[in-house]
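**Q** Sequence first, predicted coordinates after that:
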Amino acid sequence: MRTSSFRLRGQISLFYLLATVLFIVSAVMLIKEYLKYNQSNHRPRRFDMIQKNTSESSKPMPKSINTIMENRTLTEKMECPREHFNDTLLIIALPTYHAYESIPLYELLYRGGFSRRVLCGPSLLSNDSNMMVINTRNGAFLYDCLSQAVIKYPNFTGYLFVAEEVLLNYWNFMTYDRNKIWQDADVISGPALYSGTPDNWEWWASPWGMRAIEKAFEYLVERNYGDIRKSKLSEGDWKPEWDINNALNAWLWNGGGQYKAFWVDKSIIYLPRRHITAYSKLAKIFRQSGVRHALAMPTIMRLLELEDNSLKLYGVAMNHINGTQNREYLSDASKSKDFIYITGGIKERRKSLNDLKIKEYAMGKFLYYDTCPVQT
């Protein structure tokens with residue numbers, strides 16, 4: 001068993017090394033293209049030295065760089081995302097070791113926006129101290145990553161959680177209220193508890209679907225009764241650590257008068273610190289009941305807060321056919337959407353995330369924001 005574990009870890013390290021080398025080669029090619037253009041036009045070589053409206057600007061920069069850089073200037077006043085999100089922890093959840101090959105992409109994309117970020121995956125990557133090792137059963141219980149992060153790193157103002165298929169356009173988040181929950185706008189309201197099992201999605205009828213949510217609900221009702229009784233017996237002197245009754249009322253209200261299950265196919269959540277205690281308790285109950293990630297995460301959010309008080313995030317779906325091949329499509333998404341959602345199975349997502357246009361996209365954001373000065 002130990003030999004097998006060492007072999008798997010060696011395979012993951014080699015996999016990550018090869019992915020890093022390929023990414024560096026792509027980055028070098030992009031930088032060479034830009035430097036070659038600068039030499040021919042006598043322009044400053046540093047990306048943060050590009051000036052607007054100069055006499056030398058009659059010839060446009062290569063579109064792949066021009067659309068990414070968005071004409072940043074030295075005199076442009078802007079708040080650095082890395083400074084804005086200095087007290088926010090970014091958690092990147094990797095369901096399988098196949099997703100490790102995209103770690104260099106995430107590092108490039110998010111380095112300019114988040115100085116505090118951690119990875120969560122099934123196996124340790126070398127001796128990376130920013131790696132949480134959690135077996136999420138190939139993503140079935142991916143919310144374990146957020147559950148452990150809020151316990152291990154309790155002092156952040158907020159926690160931004162994404163899975164490997166979601167690419168954040170975090171520069172569009174600068175004005176968002178970080179005291180609210182942020183969640184995907186496309187959450188689907190499913191069936192009410194004990195109303196039967198629908199057949200439009202395979203996981204409803206599984207052991208990790210409706211029956212698991214009903215099991216979590218039954219535990220909450222029983223626990224709530226116990227808390228109320230204990231408080232009455234103590235004449236109000238004893239108070240529970242968190243308000244289960246309030247959570248059940250929020251669930252009922254968000255379900256339009258019914259206790260409903262909710263589900264979503266994209267993993268993106270921002271959780272403010274004020275909800276950490278309740279989230280940790282609820283996530284533990286849902287996990288012990290065996291509720292699958294796609295059902296657990298959106299349902300738990302509806303026990304924490306009334307849906308009308310949360311902030312909705314809007315994304316655009318892309319794959320290696322409809323979007324990643326088109327720079328204009330990526331550029332438009334960068335300006336108008338909160339995130340990019342890579343669709344398809346494991347192989348299709350890997351192909352999309354390894355596409356040169358996506359790497360250009362991440363490289364452009366790295367070059368744009370990484371040199372942004374942070375006030376100390």
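**A** Looks like it came in fine. Numbers count the residues shown, from 1 in each chain.

**Q** Would you map the strands across the stretch 151-300 of the chain?
**A** Here the stretch 151-300 of the chain has its strands, by DSSP state E, counting those that start in this stretch, at 158-163, 166-168, 182-184, 188-192, 260-263, 268-272.

**Q** contact partners of the second one?
**A** Residues outside strand 166-168 that contact it (Cβ atoms under 8 Å, 6 or more residues apart in numbering) are 109-110, 113, 160, 162, 266-268, 315, 338-342, 358, 361-362. Using the backbone N, CA and C atoms, a C-beta is placed for each residue, glycine as well.

**Q** And the residue nearest the centre of this protein?
**A** Central residue of the chain (Cα atoms, centre = their mean): Val162, 1.4 Å from the mean position.

**Q** what residues are up against that one?
**A** So Val162 contacts 90-93, 168, 267-268, 339 (Cβ under 8 Å, 6+ apart).

**Q** and the residues you listed as JSON lines, adding pLDDT?
**A** Below are the contacts of Val162 laid out as JSON lines (pLDDT from 0 to 100):
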{"residue": "Leu90", "pLDDT": "98"}
{"residue": "Ile91", "pLDDT": "98"}
{"residue": "Ile92", "pLDDT": "98"}
{"residue": "Ala93", "pLDDT": "98"}
{"residue": "Leu168", "pLDDT": "97"}
{"residue": "Ser267", "pLDDT": "96"}
{"residue": "Ile268", "pLDDT": "98"}
{"residue": "Phe339", "pLDDT": "97"}
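
**Q** List just the nearest of the residues you listed to Pro191.
**A** Sorting the contacts of Val162 by distance to Pro191 puts Ser267 at the head of the list, at 21.7 Å, by Cβ to Cβ.

**Q** Looking at the contacts of strand 166-168, which are in strands?
**A** Among these, the members found in strands (DSSP state E) are 160, 162, 268, 315, 339-342.

**Q** shaky segments in the stretch 1-150 of the chain?
**A** Across the stretch 1-150 of the chain, residues meeting the criterion (pLDDT under 70) sit at 1-78, 127.

**Q** run the last query once more with 50
**A** 2, 5-6, 30-77 (pLDDT under 50).

**Q** follow-up on the earlier one: may I see the ChimeraX selection of the buried members of the contacts of strand 166-168?
**A** Typed into ChimeraX, the line below selects the buried ones among the contacts of strand 166-168, using 16 or more other Cβ atoms under 10 Å:
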select :109,110,113,160,162,266,267,268,315,338,339,340,341,342,358,361,362
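
**Q** wait, isn't Asn254 in contact with Asn309?
**A** No. Using Cβ atoms under 8 Å, Asn254 makes no contact with Asn309, being 10.3 Å away.

**Q** More neighbours: those two, which one.
**A** Asn254 (24 against 11; other Cβ atoms under 10 Å).
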